[in-house]
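**Student:** Sequence below, structure please.
(chains A and B)
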Amino acid sequence: MENRNNKSQIKREGLSRRNVLELGALGLAAAILPGAAFAADKKLKVAAIFATPIEEPWDNQIHVALQRAEKELGIEYKWSEKVQTADFSRVMREYAQGGYELVLGDAFAAERESRRTAKQFPKTAWLFGSGAGPAEPNFGVFDNWIHEPAYLSGLIAGKMSKSGTIGAVAAMGIPEVNRLVNAFFAGAREVNPNIKKKVAFIGSFFDPPKAKEAAVAQIDAGVDVIYAERFGVIEAAVDKKILAISNMSDQSSLGPDTVITGPVWDMYPTVEQAIKLVRAGVFTAQDYGDFSRMAKGGSHLAPYHKFDKTLPADVKDLVEKKKAEILEGNFRVDVDENTPVSD
Amino acid sequence: MSAVFEQIFQVGFLAAIIRIATPLAFATLGEMFSERAGVLNLGIEGIMLLSAMTGFTAASLSGSLWLGVLAAVLTGMLMGALHALFTVVLGLSQHVCGIGVTLFSSGLAYFLYRLIFGQQSVPPNIKGFQTLPIPILSDIPVLGPAVFNQFALVYMAILAIPVAAFVLYRTPWGLSVRMVGENPRAADSAGVSVIATRFQAVILGGALMGLAGAFLSMAQFNAFTFGVVSGRGWVAIALVVFGRWDPWRSAGAALLFAFVDALQLRMQASGLGHIPYEAFLMLPFIFTIVAMAVMSRNAVAPSALLKPFRREER
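**Tutor:** Below is the predicted model:
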């Protein structure tokens, strides 16, 4: 018995001696190599995982914000795009194990998987675009809460429509899309209670030729101001010489004489807040959706560009007044996520 | 409901049908030539996408739309040749190689596009084809503005139908194509080169698919984006069966599909009660499935379809 104990003790001692040696070697290496890995002011490593190519407007806004953060906030940024649901957890794990402290992305196609995987890496902060809520301890969510500028665009559309019929061509009847389209129509109805609305869905996120045909069908039915939730609609408005409202980013360049303005989503405030919290070590699982609202700078109305001169003063005043009310918190744009239908 | 009827009798409705049918007609004719020679080309979806990309890129860089169309056609021919190399010369599985060509072409299209244009928030666009009214004919009431005030590529599609029928049924080469698709062994003993004929037919098919792609990114729309093809290639494969491998019937099938698609877009705009929009979106596809089931009962596929030809092999 005693013998055995001795033996194991020797073994343990041997092991610890080797460990000491290893540590020494590491220390030596650290002293010799003034590598970035040991620098005190090391950059925060941030990654993003997108389910679609980054050209997709929704994911593109996240990507653009992170690129800006890379320049302005001194982070290291890497991303993966077109990650299929089946690969989602694997990519999450790779980033977590690769030392990334904050990982963003869109989790709409992998809600359950992403939450399950996030739990396994409590030291990493996860912040995903999601239709569901945050998950303790480290899974925060955000979404494109840009219904406020969509409402303001609706005010303009309602005022500018001569035919009294306005339209919207959108991807599909999901909450993220519905609340924008509904807010747009609510704005128009605010200024013209008798306004007629037309809605068409194309059944996919990317099919510009189809979106264009859907828009042409609406224009044939009398629509003279159209909300281009998807790519393809503005082109129809240009061809048919009617007015358009863009979506997600400033798309005036697609039709300078056609696009009045439109809701713009700016993910920078969300990204900035998350980075701030992670750096301070106080990132928590919560809904960061409020950082996409106008009051936080997370969304705004695109500049009028050419329409700055031609848009009637009373319309501009009306928009400014409502905008001020929203920013002051005195007016709340209703969130209506029911699928809109044509009148 | 009356709002729908009101729209159906508008010129815009007829024009929309023609516009929606054009890329389908090109693609369907292309697939038909390939299948008549005995080669199923499942690469169609990818070939259309890659052609849409190269066509748009060439037009954007050179400033010439027709140079873009040429690039798209050449791309289609090149990818057709690739598919023919695998399936005709090497005699590999047409299903597997076709899917392979689609995956490869799609990946290549997105990769090259990113390489050339970088990653932009708003897709770069060109000034696409403008409608070209044909004198006198465009003055015919209703039909004139709908059919004869269209893009140049639409007229090409309309002309392509009788030309395809003539080539297939009235020329020696067309006879060879039909022979190698029905009975390659007999064709071979009659001195027709099965390999060469099939190769040519698949390349011609690729060229037509290239035109379909060019129409999508340069006439119907003026930019290349993800999903610009969105399954239109797969629809064309179904339309070939629906059209019983005949140019006239295939073009008719494309026109019918376009009719239902244009109709459902107008029904969505008419607010028909509270029917879910998905029901409208489904219509063209339900129509195709039903029509295919009914029409294809007497249809006979080319008997050598899917069968690679190897000389002196039983």
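
**Student:** Flag every buried residue along the helix or strand that contains A:Asp317.
**Tutor:** In this assignment (DSSP states H and E), A:Asp317 forms part of helix A:313-328. By 16 or more other Cβ atoms under 10 Å in any protein chain shown, the buried positions in helix A:313-328 come out as A:Val315, A:Leu318, A:Val319, A:Lys322, A:Lys323, A:Ile326. For every residue, glycine as well, the C-beta is placed using N, CA and C.

**Student:** name the helices or strands packed onto it?
**Tutor:** Counting by 3 or more Cβ pairs under 8 Å, 6 or more residues apart in numbering or on different chains; DSSP states H and E, the packing neighbours recorded for helix A:313-328 are helix A:147-160.

**Student:** thinking again about what came up before, C-alpha coordinates for the helix holding A:Asp317, PDB please?
**Tutor:** Extracted as PDB, the C-alpha positions of helix A:313-328 are listed here (Å, rounded to 0.1, in the frame of the first residue of the first chain):
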ATOM      1  CA  ALA A 313     -43.600  72.500 -47.600                       C
ATOM      2  CA  ASP A 314     -46.700  71.400 -45.700                       C
ATOM      3  CA  VAL A 315     -45.700  67.800 -46.200                       C
ATOM      4  CA  LYS A 316     -42.200  68.400 -45.000                       C
ATOM      5  CA  ASP A 317     -43.600  70.300 -41.900                       C
ATOM      6  CA  LEU A 318     -46.000  67.500 -41.100                       C
ATOM      7  CA  VAL A 319     -43.200  64.900 -41.200                       C
ATOM      8  CA  GLU A 320     -40.900  67.100 -39.100                       C
ATOM      9  CA  LYS A 321     -43.700  67.600 -36.500                       C
ATOM     10  CA  LYS A 322     -44.500  63.900 -36.300                       C
ATOM     11  CA  LYS A 323     -40.800  63.000 -36.200                       C
ATOM     12  CA  ALA A 324     -40.300  65.400 -33.200                       C
ATOM     13  CA  GLU A 325     -43.200  63.800 -31.400                       C
ATOM     14  CA  ILE A 326     -41.800  60.300 -31.900                       C
ATOM     15  CA  LEU A 327     -38.300  61.500 -30.800                       C
ATOM     16  CA  GLU A 328     -39.800  63.100 -27.700                       C
END
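
**Student:** And the strands in the chain?
**Tutor:** Using chain A. For chain A, the strands defined by DSSP state E occupy A:44-49, A:75-80, A:102-106, A:125-129, A:139-142, A:165-170, A:196-201, A:225-228, A:243-245, A:259-261, A:263-265, A:299-301.

**Student:** wrong one, chain B
**Tutor:** Counting by DSSP E, the strands of chain B are B:132-133, B:149-150.

**Student:** now, of the ones you listed, which is deepest in the fold?
**Tutor:** Mean neighbour counts were taken over those using mean count of other Cβ atoms under 10 Å in any protein chain shown, and the top value, a mean of 20, falls to strand B:149-150.

**Student:** which outside residues touch that strand?
**Tutor:** Applying Cβ atoms under 8 Å, 6 or more residues apart in numbering or on different chains, the external contacts of strand B:149-150 come out as B:Ala15, B:Ile18, B:Arg19, B:Thr131, B:Leu132, B:Pro133, B:Ile134, B:Ser138.

**Student:** which among the residues you listed end up buried?
**Tutor:** In the contacts of strand B:149-150, burial by neighbour count holds for B:Ala15, B:Ile18, B:Arg19, B:Thr131, B:Ser138, counting by 16+ other Cβ under 10 Å.

**Student:** Just confirm B:Ala236 contacts B:Leu24, I think it does.
**Tutor:** Yes. With contact taken as Cβ atoms under 8 Å, B:Ala236 and B:Leu24 are classed as touching, separated by 5.9 Å.

**Student:** residues shared between the contacts of the two?
**Tutor:** Common neighbours of B:Ala236 and B:Leu24 (criterion: Cβ under 8 Å, 6+ apart): B:Ala212, B:Ala254.

**Student:** So which of these two has more stuff around it?
**Tutor:** A side-by-side neighbour count of B:Ala236 and B:Leu24, using other Cβ atoms under 10 Å in any protein chain shown, places B:Ala236 first with 31 against 26.

**Student:** tell me the contacts of residue 140?
**Tutor:** All of this is about chain A. The neighbourhood of A:Gly140, defined by Cβ under 8 Å, 6+ apart, consists of A:Ala125, A:Trp126, A:Leu127, A:Phe128, A:Pro134, A:Ala274, A:Phe283, A:Thr284, A:Ala285, A:Gln286, A:Asp287, A:Tyr288.

**Student:** please go with chain B instead
**Tutor:** Residues in contact with B:Ile140 (Cβ under 8 Å, 6+ apart) are B:Phe148.

**Student:** Likewise for A:Thr310?
**Tutor:** Contacts were defined as Cβ under 8 Å, 6+ apart; by that measure A:Thr310 touches no other residue.

**Student:** still on that earlier bit, could you point out which of the contacts of strand B:149-150 is nearest to B:Phe226?
**Tutor:** Nearest to B:Phe226, judged by Cβ to Cβ, of these is B:Arg19 at 21.1 Å.

**Student:** What score does the nearest residue to A:Ile146 once chain neighbours are set aside have for pLDDT?
**Tutor:** Nearest in space to A:Ile146, with sequence neighbours left out and distances taken as Cβ to Cβ, 6 or more residues apart in numbering or on different chains, is A:Ser299 at 4.0 Å. The predicted structure scores A:Ser299 at 96 on the pLDDT scale.

**Student:** any idea how far A:Gln273 is from A:Ser299?
**Tutor:** Look at A:Ser299 and A:Gln273: by Cβ to Cβ, to the nearest Å, they are 15 Å apart.

**Student:** between these two, which one's more packed in?
**Tutor:** Comparing A:Ser299 with A:Gln273 by other Cβ under 10 Å, the one with more neighbours is A:Ser299, at 25 against 19.

**Student:** Now do the more buried one against A:Phe201, distance only.
**Tutor:** In this view, A:Ser299 and A:Phe201 are 23 Å apart by Cβ to Cβ.

**Student:** One more: B:Ile275?
**Tutor:** The gap separating B:Ile275 from A:Phe201 is 12 Å, by Cβ to Cβ.
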